[in-house]
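*Asks:* dropping a prediction and its sequence here:
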Amino acid sequence: MIVEGYDILIQGGQSNGVGYGLGPYDTDTLTDRDDRIVQVGRHGGDNGKIIPAFPHLHFHQAEKFSRYGYTLSLARRYAATKLRWRRMLLIVPAAKNGSSSTDWLGYLYDDMAERIRVAKALPGANRIVLYTEHQGEADTPEPEGNIDAAIERFKANKQKFIRRFRAEFGSVPMLFGGYAPAWVERRPEREALMKATREICEKTPNAAFVPASSLTSNRDERIHFDAQSQETLSARHFLAFCNLADAAVKARFDRWERERQTILEVMIESICKKPMTADRQSDRLFNRPYAGVLNYLRRTLRIARD
């Protein structure tokens, strides 16, 4: 197949972005292969190369990682419905288990950005379509610490990350996921941190919070979503992405409509010599060659002038 370009999906965050899901799941989207989906490799001789995304994404952990995450499932949903002919979906796996928001202002951002540049520099018309993450668990303050200060620090770091990312790569859709309910419910400061993430999304254009309510964890790891919940997360992330895309399309349409109305009004003003109504058939202007154009413009704008 001739490849005309790549749609680029970036996976950031920490362990739930990597995907630590265990246990059964009831669909094949976690494992089905799609040769249109590739990744920027990381391990060994594949570092910086474009390689198949299956069976494992090259995050920072060991290459042979037999747990499940939502990234490949999300990629399959995108490829099945959004990917155009002769294009491929290129994943940039950048998540790292245990990483904090401070890490994402330093070496993890630099690593991710370098791999995005590699992706964008490939031949063809390449574009970033989505950044997604689950991150924040590592920023949770200890109960005996200054909880308010820790949350404010997290918010400041996350906002800096968003500004830096968009300054370099544009205002692409960004999704920020919630935490595992079984882990959150054990300490109120975890809920406060997740609330801070939600508030950041509400104030950030072209960004959305992806809730994790009702999802379940691995049996012995409350902090990690199980495999079935990772599959559900992929569906929730895809829905959030589609909602952002629909909102962007509506905003563009509304802008075009305003511009069209303005152009038509200017055309009428430049043609008409005096105010008049659309039903004044005897008006001298209607005997001119452009009378039909005037009628069409008035009907389009639904303007009646005295």
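*Replies:* Here it is on my side, so go on. Computed from a prediction, not measured in an experiment: that's the story for all the values here.

*Asks:* low-confidence ranges, the stretch 101-250 of the chain, go.
*Replies:* Low-confidence segments of the stretch 101-250 of the chain (pLDDT under 70): 248-250.

*Asks:* do you have the strands of it handy? List them.
*Replies:* For the stretch 101-250 of the chain, the strands defined by DSSP state E, counting those that start in this stretch cover 127-134, 174-177, 207-210, 217-218, 221-225.

*Asks:* tell me what the fourth one is packed against?
*Replies:* For strand 217-218, the packing partners by 3 or more Cβ pairs under 8 Å, 6 or more residues apart in numbering; DSSP states H and E come out as helix 181-184, strand 221-225. To be clear about C-beta, it is placed using only N, CA and C from the backbone, and glycine gets the same treatment.

*Asks:* direction included, what does the last one pair against?
*Replies:* Taking DSSP bridges as the criterion, strand 221-225 pairs within the sheet with strand 217-218 (antiparallel).

*Asks:* contacts for the partner strand, please.
*Replies:* Strand 217-218 is touched from outside by 20-23, 180-183, 223-226, 229, with contacts defined as Cβ atoms under 8 Å, 6 or more residues apart in numbering.

*Asks:* go again using 7 Å as the cut-off
*Replies:* Y20, L22, G23, A180, A182, W183, H224, F225, D226 (Cβ atoms under 7 Å, 6 or more residues apart in numbering).

*Asks:* I'd say the fifth one and E221 touch.
*Replies:* Spelled out, that is A182. No: using Cβ atoms under 7 Å, A182 makes no contact with E221, being 9.4 Å away.

*Asks:* how near is A245 to F225?
*Replies:* From A245 over to F225 the distance is 25 Å, taken as Cβ to Cβ, to the nearest Å.

*Asks:* again, but for Q39
*Replies:* Distance from Q39 to F225, by Cβ to Cβ: 21 Å.

*Asks:* these two: which is more packed in?
*Replies:* Neighbours of Q39 and F225, each counted by other Cβ atoms under 10 Å, are more numerous for F225; the result is 33 against 28.

*Asks:* check contacts around that one.
*Replies:* N16, G21, A180, L215, S217, L233.

*Asks:* who's it bridged to?
*Replies:* S217.

*Asks:* this protein: helices as residue ranges?
*Replies:* Assigned by DSSP state H, the chain shows helices spanning 15-18, 71-81, 107-120, 147-169, 181-184, 188-203, 227-271, 291-301.

*Asks:* among those, which is nearest A94?
*Replies:* The closest of these to A94 is helix 107-120. By Cβ to Cβ, the value is 3.8 Å.

*Asks:* what comes up buried for the closest one?
*Replies:* Buried residues in helix 107-120, counted by 16 or more other Cβ atoms under 10 Å: L108, Y109, M112, A113, R115, I116, V118, A119.

*Asks:* for the residues you listed, which one is nearest R77?
*Replies:* A119 (19.9 Å).

*Asks:* hmm, the closest one is touching G41, no?
*Replies:* No: assessed by Cβ under 7 Å, A119 is found out of contact with G41, at 11.4 Å.

*Asks:* residues in contact with A75?
*Replies:* By Cβ under 7 Å, 6+ apart, A75 lies in contact with L9, I37, A53, L89, I91.

*Asks:* in a markdown table: the contacts of F225, plus distance to Q135.
*Replies:* Putting those into a markdown table (distance: Cβ to Cβ, whole Å) gives the following:
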| residue | distance to Q135 |
| --- | --- |
| N16 | 8 |
| G21 | 17 |
| A180 | 13 |
| L215 | 16 |
| S217 | 17 |
| L233 | 14 |
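
*Asks:* ok, and the most crowded of those residues?
*Replies:* Neighbour-wise, the contacts of F225 (other Cβ under 10 Å) top out at N16, 30 neighbours.

*Asks:* how close does it get to L105?
*Replies:* Relative to L105, and taking Cβ to Cβ, N16 is found at 20 Å.
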